[in-house]
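K.L.:
Here's a sequence, model it:
(chains A and B)
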Amino acid sequence: MSLAALFLTVLAIAAGGYILGRRRALARAGGDRRQLHSLIGYYGQTVALFAAVPALLLLGVWLFLQPVVIEGRISPMIQPADIPEGASLGLVMGDVRRVASGIDGLIASGEMSAEELADLPPDGGEIGARLGAAGVALGAEVKPGVYAAALAYRALSQSSRMAMTVAVIAFSLAGLILSLMRVTPEFRARNAFERFVLVLLIAASLVAVLTTIGIIASLLFESINFFRLYPAKDFFFSLTWNPQFRGGSDLGIWPLLWGTLYVSFVALLFAVPVGLMIAIYLSEYASKRLRTVAKPAIEILAGIPTIVYGLFALITVGPLLRDYFAQPLGLGTSSASVMTAGLVMAIMLIPFVSSLSDDIINAVPQSLRDGSYAIGATQSETVRQVILPAALPGIVGAILLAASRAIGETMIVVMGAGAAAKLDLNPFEAMTTITVKIVSQLTGDTEFASPETLVAFALGMMLFVFTLGLNVIALVVVRKYREQYE
Amino acid sequence: MTDATAPATTRHGSLIATDPRTRRRNAAEARFRLYGLVALGIGIAALVILLTSVLANGVGAFRQTTLLIDIHLDAAVLDKAGNRDPEAMKKVTTLGYGKLLDKALAETIAARGIAVEGLSDKEIGGMISKEAPAQIRDRVLANPDLVGQTVTLKVLANGRIDGYLKGRVTMASAERDSNVSPNQLRLADALAAEGLLVKAFNWGFITGPDASELRPEAAGLGVAIIGSAYMMIIVLVLSLPIGVAASIYLEEFAPKNRWTDLIEVNISNLAAVPSIVFGILGLAIFINFAGLPQSAPIVGGLVLTLMTLPRIIIPTRAALGAVPPSIREAALGVGASKMQTIFHHVLPLAMPGILTGMIIGLAQALGETAPLLLIGMVAFVRDFPGAPPEGFFDPASALPVQVYNWTQRADPAFAERASGAIVVLLVFLLAMNAVAILLRNRFERRW
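P.N.:
Residues are numbered from 1 along each chain as shown, chains lettered A, B, ... in the order given. I've put the predicted structure just below:
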C-alpha cells in the first residue's frame, strides 16, 4: 500500500471514529444530549484524535527508523572482498540501495517479472547489465555479495513495509475501539480532548528544541569522526588549506577564518557607518513624509534573497571593481575578491543595522533630548554627545548581530569572494571563507568517510559556535541596556 | 552691595552677526545632516542599482531568437515503413531530424536568394540550436500526420546568434570565438532583414526544463519552478500548524519557568543560526541517517520548514499577544474553557497577523539557497517530477539554486538566464509580499 493510501486510510478511520463517537454518545445517553457531560462534538473529536494521532506518529517513527534498522541488518552481509579498492562500506551500501530500487523499478515498469528475477544467476553480472540498460547508474559492477545483499535488502524492506501497513492500521483501529469504549454520558470528553490537544501543542513547541538538538548532534558526531581521521592540532593551528582527493591534505582553518573575518570586517566597515547614519537621519531629522517613503525602501533591501546579492556581486560589482580599481592600481586581476564580497554584503547589512539602531535610538527617552536642547546644544551635538552614548550598548548589540549575519552569510561569498584559501592583506585578492568551503566540500557526491568531506562538519561546528556566541553576547548586551530605561 | 554692572564676559556678539564659534557649530550641524542624507542616498542608490542591474541583465532572457524555416518532413527519412506508426518512427534519432533541418535551412536561404560569401554548410547548420531537432522530433512523434507535409516551423536559433541580436556577441568577438563565425553573423543579419530570424516572447524559459552546457538558448525554469512550488507546499503544510501550535502553547499555556525560558531562548537563537547550518542538518539527518533521496523536494521542504519555524513563531506570538485580554475575559466569563477561548475567539482574531507572518516566512524560504546546495539540489535535472505526493521524492531543482547553477557555467548566455531567473523569483516574492501587505491592511485590527 502506498504511503498516501495508508495516510488516507488512517484519516478515513479517524473520520469514521468521529461519526461513531457521536453516535455512541447519543445512544448511551438515550438520545438526549442534555444527559452528556460535554458537547456532543467532543465525543467524536476525542475518538478521532485517538484513532489518528498515535497511528500517524507510529508511521513517522517507522519511516524514519526503517532504513537505519535495515542497513544494520544488511551491512554485515557485505564481505571485505566486496568493497572495491579505495571505496568504503557506505559507498557499497549506496550501490546495494540503488540495485534494490533498480529492481523495484524494473518490476514496476513491467520490464522484468518476479519469476524472471528469481531465475537470474546469483553472480550479479546479469542484473547489472539489465539495470544498466534501464538507465540505473551504479558505482561499480554488481558483485555477487552486493547482489545478494540487494536481494535481502529488497526482501527486508518489502516485509517491513508490509508490517508497517498492518501495524499502523491496527494501531489506528485499536485507538478507535479503546476510546470508543470509554464513551459514556459521564465521560468528560471535553477535558480529555483538551488534554490531548495540549499535549500536541507542547509537542509542537518541542520541535524547535529537537531542531537544535539535531543540529548539535549532527555537527558533533561528524566532527568527532573528522578528528579521528585528522589531527585536531593541525586543524586548529595549520596555516595551509589544501585538500587533496588522494589523501595527504592540509586542512588548516586559519586561511578560511582569516577570509571570513576579513570579508565581514570590510562589510561592517561600510555597513555600520551608513546604517547608523541612516537610522540617525530617519529618527532625528527626516520629515514624516520622507520617513514613510525611505524606511520601507531601505527595508526592501532586507527582503531580497541573498542569491540576488550574489549574482549582483558576480556580474556587476566584481567586474566593475576589477576594471576600475584593482587593475589600474595594479592590485589584482580577479573579479572575485574580498572587496567585492564585502561591499555587496555591506548593502545586505545596511537595513539590518539601520532598523535595529532605529529601534534603539527611538528607545532613548525624549527627556534626555529635551535636556540637551535646553542647555543650548545643537541637534547634532545632542545626537553625538547624548543620544549615541545612551544608545551605545544597544548599538554594539546591533553591530554584533550584524557581524554574526556576515560570518554566516553564504551565497554572497560563494559567488563574490572566490575559492582560493590564502592569508593575504590585499582586499582585491580572491579569498575564501568557512561557508564557501562548507559548500564546496559537501556539494556533489558526498562520501562520509574521507576527512576532506567531514572537515565541512568541523567547519560548520566552528561557524555555529561563533555565530551563537555573537548572538548570545548581543542579546545579553541589549537586554542589560533595556533594563536601564524601562 | 556688589557691583554687578560690569559685564561678566566680553564674548557676546550681536544678534545680527553670528560669531565664529556659532558659525562653526552651525557648520558642523549642517555637515552632520548632510552625512545622514548621503548615507540615506547610498542606501537608496544601492537598492536602485541592484534592481536595475539585475533587471537590465535579465530582461533579455524573456525574448528568444527563433528561425522560421520551411521544412519538408520527408517520409522517406522519417517513416521508412510508411505506416505512420509512432513506435517505428522513434527509430529515427535526433540526428536524422538535424540533417533534415540543416538541409531545409540551406534551401530556405537559397530560395530567398540570400548569399553570404564563403559560407559553408556547417556554418548554416550551426545557426540552428542543437536542441531544435529534439523539439521537432517530439512534435512529429506526437502528430505523425505531419510527415510528408511541408510546414513552416519556428525553431530555436543558436545561443550565439541569439546573443548577436541582443548585442552580447559582436563581429569582433566572433572572430575569436570558435563557436560562431562572422559569416554566420552576416547570415543572421540577412535572415533578420528577410524576417526569417525573429525575436519572440520566450515561453520555453518559464515552462521548459534546464538544458545542457552547450544549449543555453533552450534552458528553462520549469523544473525549478515546480520544485520550488513543491517545497513551498511542504513548508506551508508543516510549518503553519506546527508554528501556530507552538506559538499558542508558548503564548497562552506555558508556565513561566526555566523550561519555557529554555524553549524561548532556543527559538530566538534558531532564528539567527546561519542557513547553511540547516543544510548540514538536512544532509546529516534526513539524507544520511533517514535515507531520504538526494535532490528531492521533500528534503528541501523539511529543511526549509525547520528554518522557517522560528521565523513564523515570533510574529505569530506577537499577533496572539496583540489580542486584548478583554476578549479572553469575555469568553471565559460566559463559561468557555481556556482551550475554547483560544481556538474560538483569540485565534480567529489573530489570524490576519499570523497569515501575514506566514507569507513573509514563506517568501524568505523561497529565496533561500545555501541549505539547498548541500542536500543535492544543484544536480542537473531535466525530467519533471511526478505529481505529489510521490513527486515530492523525485529529483527536482529550485529557483534560487537554478540561478546559482547557471552562474557556474561558462557560456555568458547563462548569465543572462540567471538574471532572468532572478526576475522570475523577484516577481514571486513581490506577489507574496503584496498579498501579505494586502492582508494586513484589509484585516488587521488595531485594538
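
K.L.:
Low-confidence stretches in chain B?
P.N.:
By pLDDT under 70, the low-scoring segments of chain B are B:1-13, B:446-447.

K.L.:
Just the helices from the stretch 251-400 of chain A, written as ranges.
P.N.:
Along the stretch 251-400 of chain A, counting by DSSP state H, counting those that start in this stretch, helices occupy A:254-280, A:288-303, A:306-312, A:318-321, A:338-363, A:366-374, A:379-382, A:388-408.

K.L.:
winner for burial among those?
P.N.:
Mean neighbour count (mean count of other CB atoms under 10 Å in any protein chain shown) peaks for helix A:306-312 among the helices of the stretch 251-400 of chain A, with a mean of 27. In this view, the C-beta of every residue, glycine as well, is placed from N, C-alpha and C.

K.L.:
With mean pLDDT and distance to chain B as added columns, please give the helices of the stretch 251-400 of chain A in TSV.
P.N.:
TSV is the format used below for the helices of the stretch 251-400 of chain A (pLDDT from 0 to 100; distance: least, CB to the nearest CB, whole Å):
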stretch	mean pLDDT	distance to chain B
helix A:254-280	94	3
helix A:288-303	89	5
helix A:306-312	93	4
helix A:318-321	90	10
helix A:338-363	91	5
helix A:366-374	93	13
helix A:379-382	93	4
helix A:388-408	90	3
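
K.L.:
can you list these in a markdown table and add distance to A:L459?
P.N.:
A markdown table is the format used below for the helices of the stretch 251-400 of chain A (distance: least, CB to CB, whole Å):
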| stretch | distance to A:L459 |
| --- | --- |
| helix A:254-280 | 7 |
| helix A:288-303 | 27 |
| helix A:306-312 | 19 |
| helix A:318-321 | 24 |
| helix A:338-363 | 18 |
| helix A:366-374 | 45 |
| helix A:379-382 | 45 |
| helix A:388-408 | 12 |
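
K.L.:
Run through the residues that contact the residue lying closest to B:L374 once chain neighbours are set aside.
P.N.:
Take B:L374 and drop its neighbours on the chain: the residue closest to it by CB to CB, 6 or more residues apart in numbering or on different chains is B:G279, 3.4 Å away. For B:G279, the contact set (CB atoms under 8 Å, 6 or more residues apart in numbering or on different chains) comprises A:442, B:303, B:370-375.

K.L.:
can you tell me which of the helices of the stretch 251-400 of chain A comes nearest to B:S120?
P.N.:
Proximity to B:S120, assessed across these by CB to CB, is greatest for helix A:318-321 (35.0 Å).

K.L.:
just for the stretch 151-300 of chain A, where's the confidence low?
P.N.:
Scanning the stretch 151-300 of chain A with the threshold set as pLDDT under 70 gives A:245-247.

K.L.:
Which residue is the nearest non-sequential neighbour of the closest residue to chain B within the stretch 51-200 of chain A?
P.N.:
Using CB to the nearest CB, the single residue of the stretch 51-200 of chain A nearest to chain B is A:P67, 3.3 Å away. In space, A:P67 comes closest to B:G291 once its chain neighbours are excluded; the distance is 3.3 Å by CB to CB, 6+ apart.

K.L.:
Over to B:A75?
P.N.:
Of all residues not flanking B:A75 in the chain, B:G148 sits nearest, at 4.4 Å (CB to CB, 6+ apart).

K.L.:
Tally up the residues packed near the residue in the stretch 301-447 of chain B positioned nearest to chain A, please.
P.N.:
The nearest approach of the stretch 301-447 of chain B to chain A comes at B:G367, 2.6 Å away (CB to the nearest CB). By the criterion of other CB atoms under 10 Å in any protein chain shown, B:G367 has 23 neighbours.

K.L.:
Many thanks, we can stop here.
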